[in-house]
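Asker: With the sequence up front, the predicted model follows.
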Amino acid sequence: MAVAASGVLRVVNPATLEVVGSVPVAEPAHVQELVAEAGYVQERWGETTPVERADVLRRLGEVVLDRADEIADTVVAETAKPRAEAYTSELFPAVDAATWLVGSAPRLLASERLRFGKLHLRHKRAWLEYEPVGVVGVIAPWNFPFAIPFTQAAFAVAAGNAVVLKPSELTPLTGALVGELFEAAGAPAGLVRVAQGDGAVGEALVKAHGLGKLLFTGSGETGRRVAAEAGARLVPVTLELGGKDPMLVLDDADLDRAVAGALWASFTNCGQVCSGVERILVERTLYEPFVEELVRRLPTVEVGPLISEEQRARVGDLVVDAVSRGARVLAGGEAPDRAGWFYEPTILAAVPADARIAREETFGPVVEVAAVAGEAEAVRRANAGPLALGASVWTSDAARAERVARRLRAGTVWHNDHAYSYGAAQASWGGVGESGFGRTHSKHGLYDLTTPKYVDRDSGRVPVPWWFPYDEGSADAFRAALEVLYRDGLRPRAAAAWRERRALLKLARRYRP
Ligand code: NDP
């Protein structure tokens, strides 16, 4: 975490509360200049081919691997997450994205030849070209301070864009590294710029002229403000917002795997994960053994602190509120008596519907377990509420998993696992409902950072039948042509041609090539 002091952000480790570094902050007024400068760099970058850009991304992947320990050190210094998680949840997704883009972006972004089957268009030679959108503003949160902005910037750069990144004020050192790595990989100087500072700097970025697209990852509250401002400026925006992921444990689930998965998916990154499991819905027959095993194995969980005092206080308040309304604490439920913003991994049961934690994203090391009568109730409860980022189904029956997945309202549904696909660049990422819209990662995330342009070639020798002048038979002729070209099946087309032969002959005579 970091605190602002006279033009610099001083970074504080949330476990030791020691200052571990500082960065100068941008004046909000300076952000417009950064966007304009990024725009100049982008003009040249946008003229490179996807293959040339892939060369930079290949080196980028190598640079990240070469500096993996330095990146992990920086992430750990700012967030105090377990070092293993700096590799699994920050470096794996980043390197996977760079590598996937090297192999896939040139193919996906190549001009795409279109072919027309219909007679009136057959002579056209046409393509879809995927042009860069220009300067992409990336506003990033602190929970995955490397993986999120790095992958989003890599996708943007692969598509021919420049980036102005606003990292969270709580994790500016990692944010600064993201910009450095692109330059170290040979990207043009200033292609990925970093605007350090608090929400005011983020707001200045949203208001800057010359943005082609905004990628916002953060809370629903800020996301709404960002979307409203972007909407007023007609800047397209992708919103990656909060989640309250359910995990559905069906009665034929492998108990051992489901418990191990639940512990990781609820408590990794101290629960500060948009797609973290916050609700475990267990079929009644498995409920008792599941809960017993979950509580028994809770001490194997390794968590760092929450990012800040405010986040810890918020989590504590949600637990106190739930308990005051009748929830039972099966384990944890306290802030331990030690330095740093720690909170015990906590399991709640019997959480009433009117508790705040039943509706709000917790974003901390607290999970609720509940028994459900069967698949239908599990699906109904999983789908309740406005947040719909991810969900997982735990069952030994693949057909059952598929059936349940179809009925779940979520951007992603996993089977016997949770959230891993953030680290698989070809998998789409994003939510539905109040978890946001638009996608990052995958071919959809890449295309979302381009403007498809339709371009064609025409010899100019084929007459165009629908140009002026019209005559009294034109409408009949086009009506007839419509059926002949588009009726389903040869027989009805032939019948339409015969019925309207006079109008069609007239049209053919007039426009014969
Ligand atoms: P915030 O919404 O508080 O902040 C997100 C970013 O927006 C930060 O860089 C923040 O800067 C910046 N910001 C703050 N105010 C403004 C403003 N008025 N205009 C523009 N930008 C602004 O979210 P958190 O950082 O607390 O992140 C946690 C949230 O992110 C959770 O809800 C989590 O679920 C969600 N998230 C979603 C993910 C997804 O993929 N769907 C992934 C990860 C997290 P600063 O920090 O300096 O105030």
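Answerer: Yes, it's here. Numbers count the residues shown, from 1 in each chain.
Asker: what residues does the stretch 301-450 of the chain put near the ligand?
Answerer: When proximity is defined as C-beta under 6 Å from any ligand atom, the stretch 301-450 of the chain approaches the ligand at Glu361, Phe363, Leu389, Gly431, Gly436. C-beta here means a position set from N, CA and C on the backbone, and glycine is covered the same way.
Asker: Please identify the buried residues of the strand or helix carrying Glu203?
Answerer: Element membership of Glu203, judged by DSSP states H and E, is helix 199-207. Judged by neighbour count using 16 or more other C-beta atoms under 10 Å, the buried positions of helix 199-207 are Val201, Gly202, Glu203, Ala204, Leu205, Val206, Lys207.
Asker: again, but for stretch 329-336
Answerer: Within stretch 329-336, the residues that count as buried by 16+ other C-beta under 10 Å are Val329, Leu330, Ala331, Gly332, Gly333, Ala335.
Asker: Quote the end-to-end distance of that stretch.
Answerer: With C-alpha to C-alpha, to the nearest Å as the measure, stretch 329-336 spans 15 Å from end to end.
Asker: So, low pLDDT: which residues of the protein?
Answerer: Along the chain, the model assigns pLDDT under 70 to residues 1-5, 511-513.
Asker: Out of the buried residues of stretch 329-336, which comes closest to Ser308?
Answerer: Ala335 (13.1 Å; C-beta to C-beta).
Asker: Check for me that that closest one belongs to a strand.
Answerer: No. Secondary structure of Ala335 (DSSP: H, G, I helix; E, B strand; the rest coil): coil, not part of a strand.
Asker: which ones among the residues of the stretch 301-450 of the chain next to the ligand are found in helices?
Answerer: Counting by DSSP state H, those place none of their members in helices.
Asker: And these, which of them are buried?
Answerer: Counted by 16+ other C-beta under 10 Å, these give Glu361, Phe363, Leu389, Gly431, Gly436 as buried.
Asker: Now do the SS call for the nearest residue to Ala427 once chain neighbours are set aside.
Answerer: In space, and not counting its chain neighbours, Ala427 is closest to Ser421: 3.9 Å by C-beta to C-beta, 6 or more residues apart in numbering. Classification of Ser421 by three-state DSSP places it in helix.
Asker: need the residues of the stretch 101-250 of the chain near the ligand, please.
Answerer: Within reach of the ligand by C-beta under 6 Å from any ligand atom, the stretch 101-250 of the chain has these residues: 139-143, 148, 166, 168-170, 198-199, 202-203, 206, 217-219, 222, 225-226, 240-243.
Asker: Recalculate using a threshold of 8 Å.
Answerer: With the criterion set to C-beta under 8 Å from any ligand atom, the stretch 101-250 of the chain comes near the ligand through 139-144, 148, 166-170, 197-203, 205-206, 216-223, 225-226, 229, 240-243.
Asker: quick one, strands of the stretch 151-300 of the chain?
Answerer: Assigned by DSSP state E, counting those that start in this stretch, the stretch 151-300 of the chain shows strands spanning 162-166, 192-194, 211-217, 237-240, 245-249, 277-283.
Asker: what's near enough to touch the residue in the stretch 1-150 of the chain that the ligand sits nearest to?
Answerer: Nearest to the ligand in the stretch 1-150 of the chain, going by C-beta to the nearest ligand atom, is Pro141, at a distance of 3.1 Å. Shown in contact with Pro141 (C-beta atoms under 8 Å, 6 or more residues apart in numbering): Ile148, Ser168, Thr217, Gly218, Ser219.
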